[in-house]
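Peer 1: What follows is a predicted structure for the sequence shown.
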Amino acid sequence: MNFDDTPQEAAFRAEAKAWIGANAPKQYEEELRKSSLGRTALKNVNMLEVAKAWQKKKADAGWACLHWPKEYGGRGSSPIERVIWQQEEGPFGKLSGMFIIGHGMCGPTMMAFAGEEQKRKYLPPLAAGENVWCQLFSEPAGGSDVAGLRTRAEKKGDDWIINGQKIWTSGAHYSDYGILLTRTDPTVAKHKGLTMFFLDMKSPGVEVRPIKQASGQSDFNEVYFTDVVIPDSQRLGAVNDGWNVSLTTLMNERMSIGAGVSTGFPELFEFCSSLMLEDGPAIDDRGVRSKLANWAVKASGLKYTSMRAISALSKGDRPGPENSIGKLVAGSMIQDVAMYALDLQGAAGVLSGPEDAEVAGKFQAMLLRAPGTRVEGGTDEIMRNIIAERVLGLPGDIRVDKDVPFNKIPTKGRA
Amino acid sequence: MNFDFSDEQKQMRDEARKFLAEKCPPKAVRAVLDGNAPYDKELWKGLAEMGFLGIAIPEAFGGAGAGHLELCVIAEEMGRALAPVPFSSTVYLAAEALMIAGSDAQKQKWLPVIASGDAIGTLALFEGKGNPSPSAIKLSAVAGTLNGVKKPVPDGAIADFAIVAARTGSSGRDSDISLFLVDLKAGGVEVKSLTNIDPSRGQAELIFKNCKAEPLGAAGEGWGILTQVLDRAAVLLAFEQVGGSDRALEMGRDYALDRIAFGRPIGSFQAVKHLLADMYVSATLARSNCYYGAWALSTNASELPEAAAAARISATQAFQHCSKNNIQVHGGMGFTWEFDCHMYYRRANATALTLGSLSYWEDALIDHMRKRNAA
Ligand SMILES: Cc1cc2nc3c(=O)[nH]c(=O)nc-3n(C[C@H](O)[C@H](O)[C@H](O)COP(=O)(O)OP(=O)(O)OC[C@H]3O[C@@H](n4cnc5c(N)ncnc54)[C@H](O)[C@@H]3O)c2cc1C
């Protein structure tokens, strides 16, 4: 048992470190290091431009989308090299936030289902951050139950005509392309009548309306489709086989482990170390220590769980559904940690302005962003279902709509 | 990175699991729990023959000289099987103390008989309520003669020797504490069995009256040695707790698949699925913390005190969480003496207290983290 790199891994790490040291945008390092969940990372600059520039630089030198094949703009690296890269990239990795969906989910889906010519055309600019992609799955009627979606695609000659609405689409307002799941046959059971496409977000009839989030920011959108034309050549997978295609996408989401999820713990520990309570430093208080210790072992448990996963990668094993626990544990932890940090500040905890609030309002921002973490990419409940069913082998939920034609499924909970 | 046990170590775990499944079925645990025997002597002999008792003891002292990673995998299986033997007191506490601080003669005398299963050892630290601390140690040692009372002492009623923490000074500093080794069969110690929440492992009161004792380690260094012993034992016991957590989770899962209510397996109800998913999460976090503890223990890393506290807290929580919810999943059956659920619940809650309670380890963890952050 050890934490050592193999000689190849060590050589790769040294090369990555040297390149990052010579090329990373150091002027933002301090700000990026301090930024945490819920806080816009960079003040006074356009984050998207900085991110795109860094991604392009990486791509030109062969450090973008490491695990993708070279011909599609990647490096052909092993999964463990990708993890090493993430470790070395450190805070600069936070710049890649807006590419996560494109690189982690859309790209791999294109790779599995698009034609060769399309892959060569679309993937390299995606890898290089020249194009941003989004994922158009969720709808008002289909979130956890993705297969409940209603956006229609109807065949007309060699084209498909799209009508309907998506929602919660992260980054749609700055995306160039998207992968889109639609209903092509409402007369069969819901999983059997879906078809996947990719499209140009600038196509006529696509309208993106940013949604103001509970946190006050606007990262996700509603997207409306009115008679949008998509050529059949942009279909991914067979007609009515979209459910299987989407499973590939969702599975890839879980593969993107490595960098580790935010728990808020280091921030809280630092805060408690400096905060003075009435009876002295917060960290000397018995109650505070007990809370900290409980969160400390959760944070370290997650850290070493991901080390075990990395070790498995290093041996060539694939990560499985057990990796669902990271988001599940970290999501509610960061929420609890933020609430506690505010509680320790008493009445003043309510203030969120960077000048008035402790630690420049970091915990207030965390508090307001955390509910989204517990919902995006599968809610806590869906994560627990995944663990119960795929890891522990318990029966799947009873699905009353499984064999019912989609157009016969009730649409409201209460009559 | 290779943050995992080796194939040989995993093979050893399988071997231990197979052995214990055969020699230590729930029936064997019950024999001790029901008070028909103080511990399972057959099993103890078998463990010695398998080489498990001396797995981390150097060959020069009659052990297998394998190492602490190997001991960790055995510990996990001991916990999974709830082995009703004085393994933790003899192997994690007494043997570790001897290996850290014993003289050559003491090691020669006691380590080989530990490895062969011929001697049971323990650590006599507590004196009633409270957590490990120098000020709580009142038992006095004057000119190598001990006077005072220790309780609870794990496996104290069946032990052949005890490492005893005693007060040898009155300066108010840690250096007031020294350790002694007492041959409990030599007289001078009155031993009383105490009832406890987990009778599958006994607790006792030891009353020392003008008892002759030999020093273990240098005078005034007792507290330093003790904290090392406690850290090492915390990691090993945490592996037992993880083994127990996993087994409790498995029992709950199996029952949820078999038991039908409202026309379907209860494991298809989401409330039950989510209960089990949360058990899996706590057991997994604990296992990962334990692996870190195992790494620190086996490499004698400076991170050991912090890693041990994290493993201890996380594994204590996981075992309590899994064992209590295992009963919940079993419904009324879970609350019967006949089902095994309560044995895990008892062990989880007894183990939670044997090296000092959670609050002691919480304090320790935060202190170590502060020191590291300050450095
Ligand atoms: C910040 C953010 C970014 C997002 N980005 C994107 C994106 O880029 N692209 C995209 O397609 N989607 C995106 N989403 C949508 C996200 O995937 C969905 O919100 C999520 O899957 C939940 O679906 P829903 O909102 O419809 O909630 P619902 O499915 O209506 O859930 C409501 C409640 O019911 C519970 N529930 C539902 N089904 C079950 C069940 N089977 N068992 C138990 N409980 C259940 C849920 O856990 C939840 O508590 C984003 C969401 C957020 C918050």
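Peer 2: Alright, I've got the coordinates.
Peer 1: So residue B:146 versus residue B:192, what's the distance?
Peer 2: 17 Å (CB to CB, to the nearest Å). The way it works is simple: take the backbone N, C-alpha and C, and place the C-beta from them, glycine included.
Peer 1: Between the two, which is the more surrounded one?
Peer 2: Taking neighbours as other CB atoms under 10 Å in any protein chain shown, residue B:146 and residue B:192 compare with residue B:146 leading, 24 against 12.
Peer 1: packing partners for the one helix or strand the more buried one maps to?
Peer 2: If you go by DSSP states H and E, residue B:146 is part of strand B:145-154. Strand B:145-154 sits against strand B:121-124, strand B:140-142, strand B:161-167, strand B:203-212, with contacts defined as 3 or more CB pairs under 8 Å, 6 or more residues apart in numbering or on different chains; DSSP states H and E.
Peer 1: and if we set it to 7 Å?
Peer 2: Secondary-structure packing of strand B:145-154 (3 or more CB pairs under 7 Å, 6 or more residues apart in numbering or on different chains; DSSP states H and E): strand B:121-124, strand B:161-167, strand B:203-212.
Peer 1: just the ones you listed: most buried one?
Peer 2: Among the helices and strands packed on strand B:145-154, strand B:121-124 has the highest mean neighbour count (mean count of other CB atoms under 10 Å in any protein chain shown), at a mean of 29.
Peer 1: and that one, which strands flank it?
Peer 2: Note on strand B:121-124: by DSSP bridges, its sheet partners are strand B:161-167 (parallel).
Peer 1: same question for the strand it pairs with, mean pLDDT?
Peer 2: The predicted model assigns strand B:161-167 a mean pLDDT of 98.
Peer 1: Partner strands of the helix or strand that it is followed by and their direction?
Peer 2: Next in sequence after strand B:161-167, counting helices and strands by DSSP H and E, comes strand B:177-183. Strand B:177-183 pairs in its sheet with strand B:161-167 (antiparallel), strand B:214-216 (antiparallel), by DSSP bridges.
Peer 1: List the buried residues of the following helix or strand past strand B:177-183.
Peer 2: Using DSSP H and E, the next helix or strand after strand B:177-183 towards the C-terminus is strand B:189-194. Across strand B:189-194, burial judged by 16 or more other CB atoms under 10 Å in any protein chain shown covers residue B:189.
Peer 1: Other residues contacting strand B:189-194?
Peer 2: B:151-152, B:156-157, B:182, B:184, B:202-209, B:211 (CB atoms under 7 Å, 6 or more residues apart in numbering or on different chains).
Peer 1: and that strand, which strands flank it?
Peer 2: strand B:203-212 (antiparallel).
Peer 1: And the partner strand, how far out from the chain middle?
Peer 2: Centroid separation between strand B:203-212 and its chain, computed with CA atoms, centre = their mean, to the nearest Å, is 22 Å.
Peer 1: Touching it from outside, list them.
Peer 2: Here strand B:203-212 makes contact (CB under 7 Å, 6+ apart) with B:124, B:139, B:144-154, B:156-157, B:162, B:182, B:188-194, B:196.
Peer 1: what about 6 Å?
Peer 2: B:124, B:145-153, B:156-157, B:188-194, B:196 (CB atoms under 6 Å, 6 or more residues apart in numbering or on different chains).
Peer 1: Ok, stretch A:74-90 next?
Peer 2: Contact with stretch A:74-90 is made by A:12-13, A:16-17, A:20, A:62, A:65-70, A:93, A:127, A:258-259, A:310, A:313-314, as judged by CB under 6 Å, 6+ apart.
Peer 1: Could you list the buried residues of it?
Peer 2: A:74-75, A:77-89.
Peer 1: now do stretch B:1-10
Peer 2: Residues of stretch B:1-10 classed as buried by neighbour count (16+ other CB under 10 Å): B:1-5, B:9.
Peer 1: and the residues you listed near chain A, which?
Peer 2: B:1-4 (CB under 6 Å from any CB of the partner chain).
Peer 1: Now tabulate those in CSV and tack on pLDDT.
Peer 2: Converted to CSV, these look like this (pLDDT from 0 to 100):
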residue, pLDDT
B:1, 84
B:2, 90
B:3, 94
B:4, 95
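Peer 1: now the residue in the stretch 301-415 of chain A that chain B sits nearest to, nearest residue through space, not along the chain?
Peer 2: Here the stretch 301-415 of chain A gets closest to chain B at one residue, residue A:301, 2.9 Å apart by CB to the nearest CB. Closest residue in space to residue A:301, ignoring its immediate chain neighbours: residue B:285 at 2.9 Å, by CB to CB, 6 or more residues apart in numbering or on different chains.
Peer 1: so how many other residues sit close to that neighbour?
Peer 2: Burial measure for residue B:285: 25 neighbouring residues, criterion other CB under 10 Å.
Peer 1: Quick check: it vs the ligand, distance?
Peer 2: As judged by CB to the nearest ligand atom, to the nearest Å, residue B:285 and the ligand stand 22 Å apart.
Peer 1: From what I see, that residue and residue A:300 are in contact.
Peer 2: No - assessed by CB atoms under 6 Å, residue B:285 is found out of contact with residue A:300, at 8.4 Å.
Peer 1: Quick check: mean pLDDT of stretch A:292-304?
Peer 2: So the average pLDDT for stretch A:292-304 ends up being 97.
Peer 1: what about residue A:302, helix or strand, and which?
Peer 2: Residue A:302 belongs to helix A:286-314 when assigned by DSSP H and E.
Peer 1: Can you identify the element that follows that helix toward the C-terminus?
Peer 2: Taking DSSP H and E, what comes next after helix A:286-314 is helix A:325-344.
Peer 1: what angle separates the helix or strand that that next one is followed by from helix A:325-344?
Peer 2: Downstream of helix A:325-344, the next assigned helix or strand under DSSP H and E is helix A:362-373. Interaxial angle, helix A:362-373 versus helix A:325-344 (axes from the mean of the first three to the mean of the last three CA atoms, to 10 degrees): 140 degrees.
Peer 1: Now the strand holding residue B:146: average pLDDT?
Peer 2: Mean predicted lDDT for strand B:145-154 stands at 98.
Peer 1: I'd like to know how many residues surround the residue in the stretch 251-375 of chain B positioned nearest to the ligand.
Peer 2: Using CB to the nearest ligand atom, the single residue of the stretch 251-375 of chain B nearest to the ligand is residue B:270, 5.8 Å away. Residue B:270 sits with 15 neighbouring residues when counted by other CB under 10 Å.
Peer 1: Residue B:64 now?
Peer 2: 18.
Peer 1: Can you name the residues in contact with the lowest-mean-pLDDT helix or strand in chain A?
Peer 2: Lowest by mean pLDDT, DSSP states H and E among the helices and strands of chain A is helix A:242-255, with a mean of 81. If you take CB under 6 Å, 6+ apart as the criterion, helix A:242-255 is touched by A:105, A:108-109, A:112-113, A:181, A:191, A:194-196, A:236-237, A:323.
Peer 1: what secondary structure does residue A:213 sit in?
Peer 2: What DSSP: H, G, I helix; E, B strand; the rest coil gives for residue A:213 is coil.
Peer 1: Same question for residue A:64.
Peer 2: Going by three-state DSSP: residue A:64 is coil.
Peer 1: So for it, what's the pLDDT?
Peer 2: 96.
Peer 1: Could you measure from it over to residue A:130?
Peer 2: 11 Å.
Peer 1: now the least confident helix or strand of chain A, how far from the chain's geometric center?
Peer 2: The answer for helix A:242-255 is 13 Å, by CA atoms, centre = their mean.
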